[in-house]
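Q: just to be clear, the model below is a prediction. Sequence and coordinates:
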Amino acid sequence: MYNIAKSRIQKGVVTEELTLIGEALKSEIQKKFNRSLHIREVDTGSCGACESEIISTTNPLYDIQRFGVDFVASPRHADALLVTGPVTLNMAVALKRTYDAMPTPKFVITAGDCAFDGGPFKGSYYIEGGVSKIIPVDFHVPGCPPKPIDLIKHILLAVKNIKVN
Ligand code: SF4
């Protein structure tokens, strides 16, 4: 019973914070992108946990789509690129090609410690060790992995600070 009550309180707190962040995000997206922000996600060789948290932003609790954020399959339809993983040598060219295929204006967000500097894989012979070695990065979401609420917070910060005109 105690655990159920505790979980309800924690979810309530997350939902309250999420509503505030989400409404701010929605209003910022409407100002700068008219109706919606389209994000292409690229995994450059992560362990899978960062993607799992990104997927959680679309679950019924977080439901990031209601704030105007959509994940798209093609870089040609994307306003922003969200990158995870330490950039394995195999993925470096694919990452650069994806970035080049996006229309301008565009911006890049990295998520997770791997994407920043290799994280736990730092020093491995088979990684580039950070997305910024391949393409320009505008914003970073720290964590291993970052929580869904932190991803949403940082998308808000990125949209607030980005110039699109
Ligand atoms: S930052 Fe951590 S959770 Fe994310 S891909 Fe790297 S090891 Fe996995």
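A: Alright, I've got the coordinates.
Q: which stretches of the chain form helices?
A: Chain-ordered helices for the chain, with DSSP state H as the definition, fall at 2-33, 49-56, 89-101, 113-117, 148-161.
Q: so which of those helices is the most surrounded?
A: Each of the helices of the chain was given a mean neighbour count from mean count of other C-beta atoms under 10 Å, and the largest, a mean of 24, is that of helix 113-117. Bear in mind the C-beta positions are built from the backbone N, C-alpha and C, glycine included.
Q: could the helices of the chain be laid out in JSON lines, adding distance to the ligand and mean pLDDT?
A: Supplementary listing: the helices of the chain in JSON lines, determined by distance: least, C-beta to the nearest ligand atom, whole Å; pLDDT from 0 to 100:
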{"stretch": "helix 2-33", "distance to the ligand": "20", "mean pLDDT": "83"}
{"stretch": "helix 49-56", "distance to the ligand": "3", "mean pLDDT": "98"}
{"stretch": "helix 89-101", "distance to the ligand": "12", "mean pLDDT": "97"}
{"stretch": "helix 113-117", "distance to the ligand": "3", "mean pLDDT": "97"}
{"stretch": "helix 148-161", "distance to the ligand": "11", "mean pLDDT": "96"}
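Q: dump the ones you listed to TSV, plus distance to residue 76.
A: Listed next are the helices of the chain as TSV, based on distance: least, C-beta to C-beta, whole Å:
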stretch	distance to residue 76
helix 2-33	16
helix 49-56	20
helix 89-101	6
helix 113-117	22
helix 148-161	20
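Q: OK, contacts around residue 141?
A: Residues counted as contacts of residue 141 (C-beta atoms under 8 Å, 6 or more residues apart in numbering) are 109, 110, 111, 112, 150, 151, 154.
Q: please disregard the earlier target; I meant residue 24.
A: Counting by C-beta under 8 Å, 6+ apart, the residues that residue 24 touches are residue 156.
Q: follow-up on the earlier one: which one of the helices of the chain lies closest to residue 42?
A: Of all the helices of the chain, it is helix 89-101 that lies closest to residue 42, at 5.5 Å by C-beta to C-beta.
Q: excluding its backbone neighbours, what's nearest residue 23?
A: The spatially closest residue to residue 23, leaving aside those adjacent along the chain, is residue 67, at 7.6 Å (C-beta to C-beta, 6 or more residues apart in numbering).
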